[in-house]
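Student: Test case, fold it:
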Amino acid sequence: MTIDEIIENFSFLDDWDDRYRYVIELGRALEPLPDAERVDANKVQGCASQVWLGTHVRPDGAGGPVLSFVGDSDAHIVRGLIAILFAIYSGKAAREIITTDAVAVFEKLGLREHLTPQRSNGFRSMVNRIQADAHAALAEAA
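Tutor: Now for the predicted structure:
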């Protein structure tokens, strides 16, 4: 599912309980995280719940590296936030990842004012991790 589809679906849901359910449904649709990815190196620091984020880099010639992600959390709502992040970032070029402001999308969806500060901070931690991985992939490709 694309981020544009998620934004559009959000616009049809007036009630925040429905929006929470939708975010949880997005999380349920995530591919299961392979056990090999559940390692300390993939744990995202700064999240209240446990979050694993695995990054896979594919060279793409002149376009630079392309990153895709796998992830999971022990919290349903956080799994949904991961799914939203993947819709924004996964399968994109590292340069595009670095210049895409996921926090602005997060705010456009109205999530910031409807999540606890801990969840919002965790979302930022996941964004920072994804963007740091994109910077690292670009540095390796140079």
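Student: What strand or helix carries the spatially most central residue of the chain?
Tutor: Against the mean C-alpha coordinate of the chain, by CA atoms, centre = their mean, the closest residue is residue 85 at 2.3 Å. Using DSSP states H and E, residue 85 maps to helix 76-89.
Student: next structured bit after that helix?
Tutor: Helix 76-89 is succeeded, C-terminally, by strand 92-93 (DSSP H and E).
Student: residue ranges for the helices of the chain, please.
Tutor: 3-12, 16-28, 76-89, 94-99, 102-108, 117-141 (DSSP state H).
Student: right, and those helices - which one's nearest residue 49?
Tutor: helix 76-89 (5.1 Å; CB to CB). For glycine as for every other residue, the C-beta is placed from the backbone atoms N, C-alpha and C.
Student: and residue 56, how many neighbours?
Tutor: Other residues near residue 56 come to 13 when the count uses other CB atoms under 10 Å.
Student: Specify the beta-bridge partners of it.
Tutor: Beta-bridge partners for residue 56, by DSSP bridges, are residue 68.
Student: Next up, the contacts around the closest residue to residue 2 other than its chain neighbours.
Tutor: Nearest residue to residue 2, sequence neighbours excluded (CB to CB, 6 or more residues apart in numbering): residue 87, at 5.9 Å. Neighbour list for residue 87: 1-3, 5-6 [criterion: CB atoms under 8 Å, 6 or more residues apart in numbering].
Student: How many residues are close by residue 133?
Tutor: 21.
Student: OK, contacts around the spatially closest residue to it that is not a sequence neighbour?
Tutor: Of all residues beyond its chain neighbours, the one nearest residue 133 is residue 55 (4.3 Å), with distances taken as CB to CB, 6+ apart. By CB under 8 Å, 6+ apart, the residues touching residue 55 are 67-69, 130, 133, 137.
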